[in-house]
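Novice: Fold the following and give me the result.
(2 chains)
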Amino acid sequence: MQLVSTAASPAPGLTFASMLAGVAGMCAAALLLVWQPEAMLTRWHPAALAAVHLFALGGLMPVMLGALFQFVPVACGLTLPRWGGVDWLILFALLAGAFALAGGFLLGGPFWLATAGVLLLGSLIVAAGRLARALWRQPLRSEMVAALRRSAMALGMTLLAGGALLGILLFGWNLPLLAIVDWHALWGIAGWVGGLVASVAAVVVPMFHVTAPYPKQWRWATRVLLGALLLGSVAGCLGIGWLASLACSLLAALALVFGLLTALRVSASKRGERDAFHWGWLGLAALSSALAVVSLLAHFSPDPRWSVAFGVLALAGFGGGTVTVMLYRIVPFLIWLHWQRANKARARLPLLHQIIPGRWQAAQLGTDAGGMVLLCGAAFWPALTLPGALLLATSKLGLFILLARALHDYRQRLALLKTLPPRVRPVH
Amino acid sequence: MTIHLDVRGLPPCEPFELSMAAADELPAGETLEVLIHREPFPLYDWLREHGFVWQVAREDFSGYEQFRITISRA
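Specialist: The predicted structure is shown next:
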C-alpha cells in the first residue's frame, strides 16, 4: 500500500502563504509598469526586465511551488518531504531575490544583481533539487510524474541559463549573451511554465470540467516540447537559423494543439455551469492558440514589437491567467479537503463554489483579461500601457483579497471543526 | 457481503463525499468496493485516519484507466 499524503507534505499554511505572496508579486510587477510605462517600448528596457522577473520569480514561481507542495500529492500521489522552517526560508529567499533582481535591473550596479543571484539560485536550486529527488524516487506509475520530471528538467535548464547570464553581467564571462537570453526565456516560459500547465491540465481539465481525458497521444507532447527546446538551444548557440525556425514551429504547433484539445474538452463539459472557471479555461485555450501565431510572428517578423506582444501574452496571459484560473479551484479544493479531514463530527461543509464566490471570480477574471489585452496592445500603442497595467494590478489585488478571505474562513471553520465531538456511528 | 459504489464521471468532491459516507456506514466484516475514474489519493489519507484498510486495483476501461478500491474496517 503506497503511503501518499498531503499530511506528510509541507503544511497547507505554507502553500497558501506562497500563493498569496505570488499574487502580491504579480501585482507588484503590474504596479512597476504603472510607475514606468516606458518599459513596454522594448524588451531590453531595464523596467521591462525588472517587471518580467518580478512577475515570473516573485509571482508565478511561489504560486507554482506552493501548488506543487499540496496539489500534486492529491493529483498524482507525489509527496514532497516537509522541511518546516527551511520551507519558509526558501519562500522568503525567493521573494527577496525576485525584488533584488528587479532592483538590480532598475538601479544597475553589481550589488543587487549579486544579492539576487545568491538568493534566487540558492533557493531555487534547493527547491528544484527537492522536487527532482521526490520525482525520481517515485516509481514511474503515471504519465503525470513523467511529465513533472520533464518540467523539472526545464526548470533546471532555466536556472543554468540564468546563472550563466549572471556570470556574464557580473564577471564578464565570454558567452553568447543573446542566445543565452533566448534560451533562458524559452526554457522558463515554454519548458517550465508551459510544460507544467500542459501536464497539470491533463489532470485538472477532465477532473473539474467532467469531460473526456486528453488523448493518449498527448503524453508525447511534453517529450516533443523538451526536444524542441533542446533543438532551439543548440541552434541558438551555434547560430543555425533553419534549426531555430524548426524548433520555433514545433513549439507553436504544440501550443496550437494544446489550445484546440483544451477548447474541445471544456466546450463538451458535462458540468453544466458556465462560470469563471469554464470561461477561464476556454480563454486559456484561445490564448494558447493565439500564442502559437504570435510566437511565429515574433520569430519570423523583423518587427521587434511582436516579441514584446509575445512576452505579454506568454507571461501575463498564459502564465498569469493559468495561475488565476487554477487558484479558483485548487484553493477551495484544498480548503475543503483539510476541513473534511478534521471533520470528525461529519458537519455539513460549504460546497466548493461557495468558498470563493463565483460572481467575484467572474469580475476578477474579466479585469485580468482586460489588463492583458491592453498590455498586449501596448506593444504597438504605448499609450495603452498605463490603463493595461492599472487593470492588471487591480485584478491581482482583487484575487489577493478573494484568496485572503477564503483563507480566513478556512482557519475559522477549521478551528470550529476541531472543537466538535466525533459523530457516533450507528449500531448495525 | 460487498457493497458496490460507482462514482465514475462525478465532479470533485462528490466521489470523495459518497465514498466517505458509504465507508462511514460500512458494518464490520463487510467490504465496500468503489469504482472511480482517477486514483483517489486524498481518500487514502481519510481512510487511514479513520481506521480503514484498502486495496487498489488498476483496470483498463476502453483504453483509459479506472480504479477499483476495496475498503474494509481495520
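
Novice: Skipping its backbone neighbours, what lies nearest the residue nearest the centre of chain A in space?
Specialist: In chain A, the C-alpha nearest the mean C-alpha coordinate belongs to A:Leu60, at 4.4 Å (Cα atoms, centre = their mean). Leaving aside its chain neighbours, A:Leu60 sits nearest to A:Gly319 (5.0 Å; criterion: Cβ to Cβ, 6 or more residues apart in numbering or on different chains). Any C-beta I mention is one placed from the backbone N, CA and C, and that applies to glycine too.

Novice: Show me where chain B has its helices.
Specialist: B:14-24, B:41-49 (DSSP state H).

Novice: I'd like those as TSV, with mean neighbour count appended.
Specialist: Putting the helices of chain B into TSV (neighbours: other Cβ atoms under 10 Å in any protein chain shown) gives the following:
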stretch	mean neighbour count
helix B:14-24	17
helix B:41-49	19
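
Novice: If I average pLDDT within each of those helices, which one is lowest?
Specialist: Sorting the helices of chain B by mean pLDDT places helix B:41-49 lowest, at a mean of 86.

Novice: report the angle between the axes of that one and helix B:14-24?
Specialist: Interaxial angle, helix B:41-49 versus helix B:14-24 (axes from the mean of the first three to the mean of the last three Cα atoms, to 10 degrees): 20 degrees.

Novice: What is helix B:41-49 packed up against?
Specialist: helix A:61-76, helix A:320-342, helix B:14-24, strand B:52-61 (3 or more Cβ pairs under 8 Å, 6 or more residues apart in numbering or on different chains; DSSP states H and E).

Novice: Say whether chain A is contacted by the last one.
Specialist: In other words, strand B:52-61. Yes: on the criterion Cβ under 8 Å from any Cβ of the partner chain, strand B:52-61 is in touch with chain A at B:Val53, B:Trp54, B:Gln55, B:Val56.

Novice: From these, list the buried ones, please.
Specialist: Those of the residues of strand B:52-61 next to chain A that meet the buried threshold are B:Trp54, by 16 or more other Cβ atoms under 10 Å in any protein chain shown.

Novice: ok, A:Thr211 to A:Thr324 distance?
Specialist: The gap separating A:Thr211 from A:Thr324 is 20 Å, by Cβ to Cβ, to the nearest Å.

Novice: which of those two has more neighbours?
Specialist: A:Thr324 (24 against 20; other Cβ atoms under 10 Å in any protein chain shown).

Novice: State the distance from that one to A:Leu351.
Specialist: 21 Å.

Novice: now do A:Val204
Specialist: Distance of A:Val204 to A:Leu351, given as Cβ to Cβ: 18 Å.

Novice: Kindly report the same for A:Phe92.
Specialist: For A:Phe92, the distance to A:Leu351 - Cβ to Cβ - is 35 Å.

Novice: Neighbours of the residue in chain B positioned nearest to chain A, how many?
Specialist: In chain B, the residue that lies nearest chain A is B:Pro27 (4.3 Å; Cβ to the nearest Cβ). Per other Cβ under 10 Å, the neighbour tally for B:Pro27 reads 12.

Novice: and the stretch 151-300 of chain A, which of its residues are near chain B?
Specialist: Going by Cβ under 8 Å from any Cβ, the residues of the stretch 151-300 of chain A near chain B are A:Val203, A:Met207, A:Phe208, A:Val210, A:Pro213, A:Lys216, A:Lys270, A:Arg271.

Novice: One more pass at 10 Å, please.
Specialist: A:203-204, A:206-213, A:215-216, A:269-273 (Cβ under 10 Å from any Cβ of the partner chain).

Novice: Now list the buried members of these.
Specialist: Members of those classed as buried by 16+ other Cβ under 10 Å are A:Val203, A:Val204, A:Pro206, A:Met207, A:Phe208, A:His209, A:Val210, A:Thr211, A:Pro213, A:Ser269.

Novice: Fine by me, we can end here.
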